[in-house]
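1. missing the sequence, but the structure's below:
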């Protein structure tokens, strides 16, 4: 049994190392395929702080500021969005909790 687990652990270790090596090779291949150093292609998410102290994020090339997020939050609060699945989950949880509480009280 010990030999079996050692073999399994060895196989998992070899496969894991193979995946890591493959990921590194793919990264190197992508850099070679570009042929030049392009900073816009290196990262998909960048956070900057402006001179006024406002945080700005660049997500996949689109600028997002904290002001944009605040206006979206206010708009969602005004809409008072109703989440159907959340209400079902809350009702189901309350029902199950009440049922188990009644069962415990009976015992």
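-> Looks like it came in fine. Source: prediction; values computed, not measured.
2. Please give me every residue in contact with residue 93.
-> The contact partners of residue 93, taken as Cβ atoms under 8 Å, 6 or more residues apart in numbering, number zero. Backbone N, C-alpha and C define where each C-beta goes, glycine included.
3. and the helix or strand hosting it, how far from the chain's centre?
-> Assessed by DSSP states H and E, residue 93 sits inside helix 84-106. When C-alpha coordinates are averaged (Cα atoms, centre = their mean, to the nearest Å), helix 84-106 and its chain have centres 29 Å apart.
4. now that helix: mean pLDDT?
-> The average pLDDT for helix 84-106 rounds to 89.
5. now for whichever helix or strand residue 18 is part of, which elements pack on it?
-> Counting by DSSP H and E, the element that carries residue 18 is helix 2-34. Packed against helix 2-34 by the contact rule (3 or more Cβ pairs under 8 Å, 6 or more residues apart in numbering; DSSP states H and E) you find no helix or strand.
6. Determine how far that helix lies from the middle of the whole chain.
-> Per Cα atoms, centre = their mean, the centroid offset for helix 2-34 relative to its chain is 24 Å.
7. Can you report how many residues neighbour residue 58?
-> Taking other Cβ atoms under 10 Å as the criterion, the count of residues near residue 58 is 15.
8. what is the rounded mean pLDDT of the one helix or strand it maps to?
-> Taking DSSP H and E as the definition, residue 58 sits inside strand 55-59. Per-residue confidence for strand 55-59 averages out to 71 on the pLDDT scale.
9. go on, stretch 9-18?
-> Looking at stretch 9-18 alone, the average pLDDT works out to 94.
10. ok, residue 9 - how many residues close by?
-> Using other Cβ under 10 Å as the criterion, residue 9 is surrounded by 10 other residues.
11. now it: how far from residue 15?
-> Here the criterion is Cβ to Cβ, to the nearest Å. By it, residue 9 lies 11 Å from residue 15.
12. repeat for residue 100
-> Summarising the geometry, the distance separating residue 100 from residue 15, computed by Cβ to Cβ, is 44 Å.
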